[in-house]
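S.K.: everything below, folded, please.
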Amino acid sequence: MTKKEPSYSFEDHVQQTLKNINVFLRGEGLKRKRLAQKLGMSESNFSDYLQGKRSNVLEFSARLEEVLGLEGNYFADPDFAYRSAESKQEQQAMIISKGNLSPEGEEGLHQLLRISELVETYDVEDHSDA
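M.R.: Numbering: from 1, shown residues only. Model prediction:
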């Protein structure tokens with residue numbers, strides 16, 4: 001008797017993509033209102049997508065990836081493994097610094113990396129309170 005592989009339906013794919021998006025947004029602490037504005041939609045519509053109440057989730061995912069500067073199909077990857085911005089910053093700091101930094105230098109580097117993440121994520125021309 002051959003063992004059947006579990007089927008992975010389109011709906012399973014959509015649900016996994018939504019789960020990945022929500023894990024990422026929570027981990028990054030990104031503001032839904034600001035992301036909704038960047039996508040040209042209301043905060044209510046944005047939340048509906050995140051809760052699976054709207055169709056075209058994969059198109060929404062692609063647009064969100066584009067706005068966040070992520071590679072295509074980032075959220076749709078079945079092997080998605082979220083790494084926090086902090087762990088990414090630590091990795092970047094290790095790559096940037098081949099020598100030994102003083103504790104003050106290391107803290108300064110971490111702060112610089114945090115600032116650069118914010119600049120990439122948010123449009124500096126957007127002065128809203130979101």
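S.K.: any low-confidence regions in the protein?
M.R.: 1-7, 84-101, 116-130 (pLDDT under 70).
S.K.: break it down into its domains, please.
M.R.: Domain ranges of the chain: 10-82, 83-130, per automatic domain parsing.
S.K.: would you mind putting the ones you listed into CSV with mean neighbour count alongside?
M.R.: Backbone N, C-alpha and C define where each C-beta goes, glycine included. CSV is the format used below for the domains of the chain (neighbours: other CB atoms under 10 Å):
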stretch, mean neighbour count
domain 10-82, 15
domain 83-130, 11
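S.K.: in what helix or strand does residue 112 lie?
M.R.: If you go by DSSP states H and E, residue 112 is part of helix 103-121.
S.K.: whoops, residue 21 was the one
M.R.: helix 10-28.
S.K.: what does that helix rub up against?
M.R.: Helix 10-28 has contacts (CB atoms under 8 Å, 6 or more residues apart in numbering) with 32, 35, 49-50, 52, 57-58, 61, 64, 75-78, 80, 82, 84-85, 121.
S.K.: in helices, which of those fall?
M.R.: 32, 35, 49, 50, 57, 58, 61, 64, 85, 121 (DSSP state H).
S.K.: ok, and the closest non-adjacent residue to the third one?
M.R.: Counting by CB to CB, 6 or more residues apart in numbering, residue 49 lies nearest to residue 60, which is 4.7 Å off, once chain neighbours are set aside.
S.K.: these two touch, right, that neighbour and residue 48?
M.R.: No. At 9.7 Å, residue 60 does not count as touching residue 48 under the criterion of CB atoms under 8 Å.
S.K.: for these two, list the residues in contact with both.
M.R.: Contact with both residue 60 and residue 48 is made by residues residue 54, according to CB under 8 Å, 6+ apart.
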